[in-house]
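Enquirer: no FASTA, just this:
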């Protein structure tokens, strides 16, 4: 038999919390790994009673879902954590928010509802807003119209295995243009497939179909994530947990 881990097994997971947070400002340029490290440090500082995996190298039970690309801001990043002691979700939200840098905001924290399924199964689409400074909104509208009319729009996407041609068109469920303060704004609903089509891929597709070249760098913000239904609506992934409420009436510990 192999060597067994020393000491008692870690406490079991007695509660799962699902968290929505935002990354803004300068931290939109932080990598997913850097954001994960910041979150794990904040959980320790906030004294959140994390559950840990078993084995020789126990890790806190944290699951990240669909991280936004580096350079993009987001109002809808999601993470699920497992706790070894039941806690009040709002107390965890406040303590964690106070322990994180200013440009990371913990917006919601809810208890995973019993029998509601996994959080990952509720997310397959992103809602994006991309500001394009210095671009004529009418020019953007014409490019969007040409893109939506196309059956196939091939763009070169950089992957871990090098450049790869992908068809960006099927992933975009809808797109439109509007006018902002000194900029055109691209609104789009994008399915999260494989490979993932990101805002820069859609901008490359607009360049391919309409020779659209914004004069200044774009500013992308993910406004929401969720599951796309037949009406084109992206459902709130935390909705089923709010509806279910707490699975029991045990007292919650404060953090």
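Expert: Received, thanks. Bear in mind the structure is a predicted one, so any value in this text is a computation, not a measurement.
Enquirer: Might you list the low-confidence residue ranges for this structure?
Expert: Within the chain, the ranges that satisfy pLDDT under 70 run 1-8, 246-254.
Enquirer: Centre-most residue in it?
Expert: residue 77 (3.2 Å; C-alpha atoms, centre = their mean).
Enquirer: Look up which residues are beta-bridged to that one.
Expert: Beta-bridge pairing of residue 77 under DSSP bridges involves residue 21.
Enquirer: check contacts around it.
Expert: The contact partners of residue 77, by C-beta atoms under 8 Å, 6 or more residues apart in numbering, come to 20-23, 35, 66-68, 222. The C-beta positions use only the backbone N, C-alpha and C, and glycine is treated the same way.
Enquirer: Pick the one among those residues closest to residue 81.
Expert: Minimum distance to residue 81 across the contacts of residue 77 is 11.6 Å, recorded for residue 21 (C-beta to C-beta).
Enquirer: Can you give me the neighbour number for the closest one?
Expert: By the measure other C-beta atoms under 10 Å, the count of residues near residue 21 is 22.
Enquirer: gap between it and residue 226?
Expert: Going from residue 21 to residue 226 by C-beta to C-beta, to the nearest Å gives 15 Å.
Enquirer: that older thread, against residue 108, how distant is the residue nearest to the centre of the chain?
Expert: Look at residue 77 and residue 108: by C-beta to C-beta, they are 11 Å apart.
Enquirer: Mutual contacts of those two, please.
Expert: Listed as contacting both residue 77 and residue 108 by C-beta under 8 Å, 6+ apart are residue 20.
Enquirer: Can you select the buried ones from the contacts of residue 77 in PyMOL?
Expert: Selection command for PyMOL covering only the buried members of those, criterion 16 or more other C-beta atoms under 10 Å:
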select buried, resi 20+21+22+23+35+66+67+68+222
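Enquirer: Just the closest of the contacts of residue 77 to residue 98, please.
Expert: residue 21 (13.1 Å).
Enquirer: The closest one reaches residue 81, doesn't it?
Expert: No. With contact defined as C-beta atoms under 8 Å, residue 21 does not count as touching residue 81 (11.6 Å).
Enquirer: All the strands of the stretch 1-150 of the chain, residue numbers only.
Expert: For the stretch 1-150 of the chain, the strands defined by DSSP state E, counting those that start in this stretch cover 15-23, 62-65, 73-83, 104-111, 125-133.
Enquirer: Could you export these as JSON lines, including distance to residue 153?
Expert: What follows is the strands of the stretch 1-150 of the chain, written out as JSON lines (distance: least, C-beta to C-beta, whole Å):
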{"stretch": "strand 15-23", "distance to residue 153": "29"}
{"stretch": "strand 62-65", "distance to residue 153": "27"}
{"stretch": "strand 73-83", "distance to residue 153": "25"}
{"stretch": "strand 104-111", "distance to residue 153": "34"}
{"stretch": "strand 125-133", "distance to residue 153": "16"}
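Enquirer: Having no further points to raise, I will conclude here.
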